[in-house]
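Chemist: predicted coordinates and the sequence they were generated for:
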Amino acid sequence: MRHAPLLLVALSLLACETKSSATKLDAKPTEAKSEAQPAEAKTAEPSTKPAEHQQPTGPIIEHTVKLLDGTDKSLADYRGKTLLVVNTASECGFTPQYAELQKLYADYKDKGLEVLAFPSNDFGEQEPGTPEQIRAFVDGEYHVEFTMFDKLVTTGPDKSPLYKTLTEDTPEGIAGDIKWNFTKFVIDPTGRVVARFEPPVSPSDPKLISAIEHALPPG
């Protein structure tokens, strides 16, 4: 019976050591999680940087094209403004984007944006009309105020010089054949293409609006 107090003391010391060891083991995952947090924040940081910090590269868009009335127009005349170049059609599922293009133009024209529409009959023959018919359609249905150009070819062996430059000479991520009507190119005030958006991306899409805002001339 004399040994009982000593046995109780020994058991108490053993229990304390076991509890202390368990506490240290439990703390390790918490420390690891804490160390991982700065890495996660660092990974997310680049996505918050605005696109204008990236130096535009590629050819300068300054081709001479024809307006819808047949008049020659040099795209160099738009230097200093931001351009949204779109191949359009009057009988396409994306044709209602004309309304969004008009709203985008109305919202940003005073900040330096020009919307340039190039009708094309390349996809599904969805732009069969004459210049007069196209003018009557866009004015009557969508009250278009932005600039309309004459029909041109956007793909294939007869591709127009403008679209050859847009699809073949631009940087990776922008270059590539036009796949359908209402493909959109954003051109900065220096005349260089800085973004491309495929037909399903509407003119009201936040990603497209953000690209335009980053490319607007300083004002």
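Modeler: Now that the structure is in, tell me what you want to look at.
Chemist: next, count neighbours for the closest residue to residue 193 other than its chain neighbours.
Modeler: Counting by Cβ to Cβ, 6 or more residues apart in numbering, the nearest residue to residue 193 once its immediate chain neighbours are dropped is residue 170, at 4.9 Å. Just so you know, the C-beta spots here come from the backbone N, C-alpha and C atoms, and that holds for glycine as well. Look at residue 170: counted by other Cβ atoms under 10 Å, it has 20 neighbours.
Chemist: okay, stretch 92-103 in PDB with CA atoms only?
Modeler: Provided in PDB are the C-alpha atoms of stretch 92-103 (Å, rounded to 0.1, in the frame of the first residue of the first chain):
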ATOM      1  CA  CYS A  92     -28.200  35.400 -88.000                       C
ATOM      2  CA  GLY A  93     -29.200  34.100 -84.500                       C
ATOM      3  CA  PHE A  94     -26.700  36.700 -83.200                       C
ATOM      4  CA  THR A  95     -28.300  39.600 -85.200                       C
ATOM      5  CA  PRO A  96     -30.000  41.000 -82.000                       C
ATOM      6  CA  GLN A  97     -26.500  41.900 -80.800                       C
ATOM      7  CA  TYR A  98     -26.900  45.000 -83.000                       C
ATOM      8  CA  ALA A  99     -29.000  46.500 -80.200                       C
ATOM      9  CA  GLU A 100     -26.300  45.800 -77.700                       C
ATOM     10  CA  LEU A 101     -23.700  47.200 -80.000                       C
ATOM     11  CA  GLN A 102     -25.700  50.400 -80.300                       C
ATOM     12  CA  LYS A 103     -26.100  50.700 -76.500                       C
END
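Chemist: buried ones in it?
Modeler: By 16 or more other Cβ atoms under 10 Å, the buried positions in stretch 92-103 come out as 92, 94-95, 97-102.
Chemist: equivalent analysis for stretch 106-124, please.
Modeler: In terms of neighbour count (16+ other Cβ under 10 Å), stretch 106-124 has its buried residues at 108, 112-123.
Chemist: tell me the mean pLDDT over stretch 182-197?
Modeler: The average pLDDT for stretch 182-197 rounds to 98.
Chemist: scratch that, stretch 79-94
Modeler: Across stretch 79-94, pLDDT averages out at 98.
Chemist: distance between that stretch and the chain's centre?
Modeler: Centroid separation for stretch 79-94 versus its chain: 15 Å, with Cα atoms, centre = their mean, to the nearest Å.
Chemist: can you check stretch 179-196 too?
Modeler: With Cα atoms, centre = their mean as the basis, stretch 179-196 stands 10 Å off its chain's centre.
Chemist: can you check stretch 171-187 too?
Modeler: 11 Å.
Chemist: how much space between the residue nearest to residue 83 when sequence neighbours are not counted and residue 174?
Modeler: Computed as Cβ to Cβ, 6+ apart, the closest residue to residue 83 that is not its neighbour in sequence is residue 187, at 4.0 Å. Distance of residue 187 to residue 174, given as Cβ to Cβ, to the nearest Å: 10 Å.
Chemist: now the helices for this protein?
Modeler: Using DSSP state H, the helices found in the chain span residues 4-44, 97-108, 131-142, 161-164, 206-215.
Chemist: what does the last one rub up against?
Modeler: Read that as helix 206-215. Residues outside helix 206-215 that contact it (Cβ atoms under 8 Å, 6 or more residues apart in numbering) are 50-52, 82, 84, 104, 108, 113, 184, 186-189, 194-195, 197, 201-202.
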